[in-house]
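Colleague: Model the structure of this input:
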Amino acid sequence: MDTTSELVGQRVADVYLRECASRSVLQLLANKWTFLVLGALADGPQRFGVLLRRADGITQKSLTQTLRGLERDGLLSRTVYPTIPPRVEYELTDLGRSVGGLIGQINVWAEANLSSVVAAREEYDEHVGEEPRPVTR
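Modeller: Numbering: from 1, shown residues only. Here you go, the predicted structure:
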C-alpha cells in the first residue's frame, strides 16, 4: 500500500498500518483547526470572518490553510459571489456532513466530561512525583 491509487484499487484500509493512506485522513481529522472549522460549518454556510471569530485563537493564515485543505479533500465547498467586494462562503459537502455528526458527538462528550477529565488531571498531577506504592492484596 504505497500509494493512494493502490489502496483504492484494493479497497483495503487499516489506519493502524504505517504505510496505509488512510492515515492521512486520520491526520486531517485529528487537527484541532480542522475539527473546529468542520464543527462550525455544521450550523450552515459561513463566511471567512465568521469562521475566524468562531474558531477562537486561529490565525488568518491557519484558517486559510485549513479551508484550502478541507476543500481539496472534498469536505467543504467554497462559493464566490460576484459582488464588490467578492463575498465568499464555505459550506460542508455531503462528505463533510457525514463526518460532522461524529464531530458533534465528540464535542458533546468533551463538554459533558470536562469536569471528570480536569479532576483526573489534578489527581495525576498530585501524585506524579511520588514513589510507586506496592500493590497489596
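Colleague: can you list contacts of stretch 58-67?
Modeller: 31, 33, 34, 36, 37, 48, 51, 52, 55, 76, 78, 90 (Cβ atoms under 8 Å, 6 or more residues apart in numbering). For every residue, glycine as well, the C-beta is placed using N, CA and C.
Colleague: please redo it, this time with the cut-off set to 7 Å
Modeller: For stretch 58-67, the external contacting residues (Cβ atoms under 7 Å, 6 or more residues apart in numbering) are 33, 34, 37, 48, 51, 52, 55, 76, 90.
Colleague: Show the contacting residues for the fifth one.
Modeller: Which is residue 51. Going by Cβ under 7 Å, 6+ apart, the list of residues near residue 51 reads 37, 40, 63, 90.
Colleague: For the spatially most central residue of the chain, which non-adjacent residue is spatially closest?
Modeller: Computing the C-alpha centroid of the chain and ranking residues by Cα atoms, centre = their mean puts residue 35 first, at 2.3 Å. Closest residue to residue 35 apart from its sequence neighbours, by Cβ to Cβ, 6 or more residues apart in numbering: residue 103 at 6.1 Å.
Colleague: pretty sure the one you found contacts residue 39?
Modeller: Yes - counting by Cβ atoms under 7 Å, residue 103 sits close enough to residue 39 to count as a contact (4.9 Å).
Colleague: I'd like to know which of the contacts of stretch 58-67 are part of strands.
Modeller: 76, 90 (DSSP state E).
Colleague: Who wins on neighbours among the contacts of stretch 58-67?
Modeller: Using other Cβ atoms under 10 Å as the neighbour test, those are led by residue 37, with 28 neighbours.
Colleague: which one of residue 103 and residue 39 has more residues nearby?
Modeller: Legend: neighbour count by other Cβ under 10 Å for residue 103 and residue 39, higher for residue 103 (20 against 16).
Colleague: Surely that one is within a strand?
Modeller: No - assessed with DSSP: H, G, I helix; E, B strand; the rest coil, residue 103 is helix; it does not lie in a strand.
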